[in-house]
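Novice: one predicted model, sequence on top.
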Amino acid sequence: MTYPLFSRQDPRALLRSLFDAAVARAQPAQVLPGQLPVPPKGRTLVIGAGKAGGAMAAALDALWPADAPLSGLVVTRYGHVPPSLLARPGRIEVVEAAHPVPDAAGSQAAERLLALVQGLSADDLVIALISGGGSSLLALPAPGLTLADKQAINRALLASGAAIDEMNCVRKHLSAIKGGRLALLCAPASLLTLAISDVPGDDLGVIASGPTVADASSCADALAIMARYQITLPPAARAGLESGAFETPKPGDARLAGHQARVIATPQASLEAAAALARSLGLSAHILSDEIEGESRDIGRLHGALARAAARPGSPFRPPCVILSGGETTVTVRKTAGVPLGRGGRAGEFLLGCALALQGQPGVWALAADTDGIDGVEDNAGALIGPDTLARGAALGLTPVDSLARHDAYGHFAALGDLVVTGPTFTNVNDFRALLVL
């Protein structure tokens with residue numbers, strides 16, 4: 001008898017290979033070729049921000065003609081400069097700053113970017129390399145606000161359970177550089193924005209809070225979001241939003257005419273790469289969506305329910321199969337009196353919810369991880385679960401319910417030895433989730 005290739009692999013190793021395929025599909029060195037224009041008559045200035053910024057800068061530098069002028073500045077997260085750039089810096093300077101809460105290094109980088117785009121001519125070209133994480137990495141507060149104000153608002157938004165487009169709407173309107181403002185300062189040079197998407201829908205105005213593209217949201221939207229999540233605004237922020245002084249350039253703004261922008265790597269493309277690998281191993285593969293949002297633990301329970309139903313007659317997910325999804329779930333931090341908060345992230349809470357729904361279902365394994373290699377602020381990308389996850393946890397005195405109550409997914413999976421640790425991947429197309437049903 002001939003067995004499908006998947007039967008020769010350990011389920012956990014198979015899931016990890018699917019994750020690796022998704023990450024590989026979004027690597028800047030793979031997606032940048034064919035995206036660059038010919039060198040202009042004048043200078044070429046590269047600017048940018050995001051977790052993929054260092055790798056994007058390195059890939060562009062390698063592709064750009066050696067005899068054509070090239071310079072610039074890109075900011076990425078601490079620890080996300082590729083080793084090759086550390087060993088041999090290129091023509092584009094790469095600096096580091098904090099994520100997800102901005103710091104002074106990010107503010108200094110933003111100020112340097114503003115200085116670099118001054119005095120450009122119509123013969124010059126600006127290439128903006130934008131990827132997820134840029135919202136905090138380019139932290140330049142709007143007039144009247146301080147970095148401390150921005151840090152406090154970011155922390156509150158991160159703990160609120162707000163969706164990424166909601167958070168970035170607020171960030172744009174409280175910034176002196178995001179929401180298209182950086183694009184205005186590049187005039188009269190040509191501007192090309194190349195983005196790696198980490199947001200549902202691949203909206204260029206949401207990726208890194210859209211520093212180089214028009215913004216369709218409004219000050220009123222930002223005010224409504226802060227009211228919805230009951231987050232207090234500093235007086236200067238409220239005044240700027242209520243008066244409209246913090247409004248951003250809108251679609252159709254003549255000052256942005258002629259600018260080009262495109263997304264070069266997406267969550268959907270990465271899910272398709274994972275699906276193609278699964279099918280090559282003899283598994284059927286189903287992509288639910290690359291735009292799934294919601295509370296992480298609840299989305300985990302939903303995925304677990306789908307896997308449990310797979311063996312029933314009439315289910316579209318007939319074993320053996322892989323169920324894939326992406327997007328950006330959220331974690332609403334719920335503090336319980338007397339209960340210290342643990343360490344966790346979106347992927348970990350998803351898996352705890354999934355394990356609760358599965359209740360040790362035979363033949364089901366799952367991996368959830370962030371494609372940037374960092375689940376929240378921890379050193380893991382995510383984790384794995386299998387049919388024995390609950391039993392092994394119980395033997396150690398661990399339950400998903402208790403770990404969720406303490407937001408301690410990291411501690412839970414660390415104790416089980418089930419963390420997925422990759423280190424920085426130098427790209428970012430958001431959450432990756434895969435359920436293997438045998």
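Specialist: Sure thing, it's come through.

Novice: let me know whether Leu18 touches Leu277 as I believe.
Specialist: Yes: contact criterion Cβ atoms under 8 Å: Leu18 and Leu277 qualify, at 5.9 Å. C-beta: built from backbone N, CA, C; applies to glycine.

Novice: hang on, Leu140 packs against Ile177?
Specialist: Yes: with contact defined as Cβ under 8 Å, Leu140 and Ile177 form a contacting pair (4.4 Å).

Novice: quick check: neighbours shared by these two?
Specialist: 110, 114 (Cβ atoms under 8 Å, 6 or more residues apart in numbering).

Novice: quick one: list the elements packing against whichever strand or helix holds Glu349.
Specialist: Under the criterion of DSSP states H and E, Glu349 resides in helix 346-358. Here helix 346-358 touches helix 296-309, strand 364-370, strand 382-385, helix 400-405, helix 409-416, strand 431-437, going by 3 or more Cβ pairs under 8 Å, 6 or more residues apart in numbering; DSSP states H and E.

Novice: just the CA atoms of the fifth one, as PDB, please.
Specialist: Provided in PDB are the C-alpha atoms of helix 409-416 (Å, rounded to 0.1, in the frame of the first residue of the first chain):
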ATOM      1  CA  ALA A 409      -0.600  31.500  27.600                       C
ATOM      2  CA  TYR A 410       3.200  31.800  27.400                       C
ATOM      3  CA  GLY A 411       3.700  30.200  30.800                       C
ATOM      4  CA  HIS A 412       1.200  27.500  30.000                       C
ATOM      5  CA  PHE A 413       2.900  26.400  26.800                       C
ATOM      6  CA  ALA A 414       6.400  26.900  28.100                       C
ATOM      7  CA  ALA A 415       5.700  24.400  30.900                       C
ATOM      8  CA  LEU A 416       4.500  21.900  28.300                       C
END
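
Novice: so which residues of the stretch 51-200 of the chain form helices?
Specialist: 53-63, 83-87, 104-116, 134-137, 147-160, 164-173, 181-185 (DSSP state H, counting those that start in this stretch).

Novice: of all these, which one is nearest Pro316?
Specialist: Of all the helices of the stretch 51-200 of the chain, it is helix 164-173 that lies closest to Pro316, at 28.9 Å by Cβ to Cβ.

Novice: what angle do that closest one and helix 147-160 make?
Specialist: 170 degrees (axes from the mean of the first three to the mean of the last three Cα atoms, to 10 degrees).

Novice: picking up where we left off before, between the helices and strands packed on helix 346-358, which one is closest to Pro33.
Specialist: Nearest of the helices and strands packed on helix 346-358 (Cβ to Cβ): strand 431-437, 23.5 Å.

Novice: now do that closest one: distance to the chain's middle.
Specialist: 17 Å (Cα atoms, centre = their mean, to the nearest Å).

Novice: also stretch 223-237?
Specialist: 24 Å.
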